[in-house]
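Novice: Provide a 3D model corresponding to the input given below.
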Amino acid sequence: MILIISNMQKQSAGILVYRKITNSLQVFLVHPGGPFFKNKDEGSWSVPKGEFLDDEEPLAAAKREFAEETGQSIDGDFIDLGSIRQKNNKTVYAWAVEGDIDHEIIVSNTFELEWPPRSGRQIIIPEVDRAEWFEVVIAKQKINPAQAELIDRLINILPKS
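Specialist: Here you go, the predicted structure:
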């Protein structure tokens, strides 16, 4: 038997879209689809993001993943927010961009999942089941705890008004 151990760290790239509405900063977050996250809220939301390989440019991957998870493309002046490490040891590289995505018309890609576990039954679920705009205080409660740092970085980068 040959045992292969991979040294590849999982890495994702994502985009934190923001908008300013009457002295208020809001961010666009997505909620993962599927039975595991069905009844989870606080700490479960995320920036639209996805995995990429070393040979892919991270910002290009972030734009691709955004389109795959929302059905909408995003463009603008991207602000590099650096990277964070999540509890699962995945590194997430992120960019912020000002925009106004319609959260009610997202269309996410899907994937197959064995559910219930070890049942042999496959179900098709969306990667993202919904999206929403949140004021930053609420967003920091909703988002994966490690990703809350990305919101803090955005707040610190934007001009105070």
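Novice: any idea of the mean pLDDT in stretch 9-27?
Specialist: The pLDDT scores in stretch 9-27 average 94.
Novice: got the buried residues for that stretch?
Specialist: 11-18, 25-27 (16 or more other CB atoms under 10 Å). Any C-beta I mention is one placed from the backbone N, CA and C, and that applies to glycine too.
Novice: Please save the CA atoms from the longest helix along the chain in CSV.
Specialist: Counting by DSSP state H, the longest helix found in the chain is helix 58-70. Output of helix 58-70 as CSV, limited to C-alpha atoms (Å, rounded to 0.1, in the frame of the first residue of the first chain):
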residue,chain,number,x,y,z
PRO,A,58,-6.2,34.7,-7.1
LEU,A,59,-8.3,37.8,-8.1
ALA,A,60,-9.4,36.0,-11.3
ALA,A,61,-10.4,33.0,-9.2
ALA,A,62,-12.3,35.3,-6.9
LYS,A,63,-14.2,36.9,-9.8
ARG,A,64,-15.0,33.4,-11.2
GLU,A,65,-16.2,32.1,-7.9
PHE,A,66,-18.4,35.2,-7.3
ALA,A,67,-20.1,34.6,-10.7
GLU,A,68,-20.5,30.9,-9.9
GLU,A,69,-22.1,31.5,-6.5
THR,A,70,-24.3,34.4,-7.4
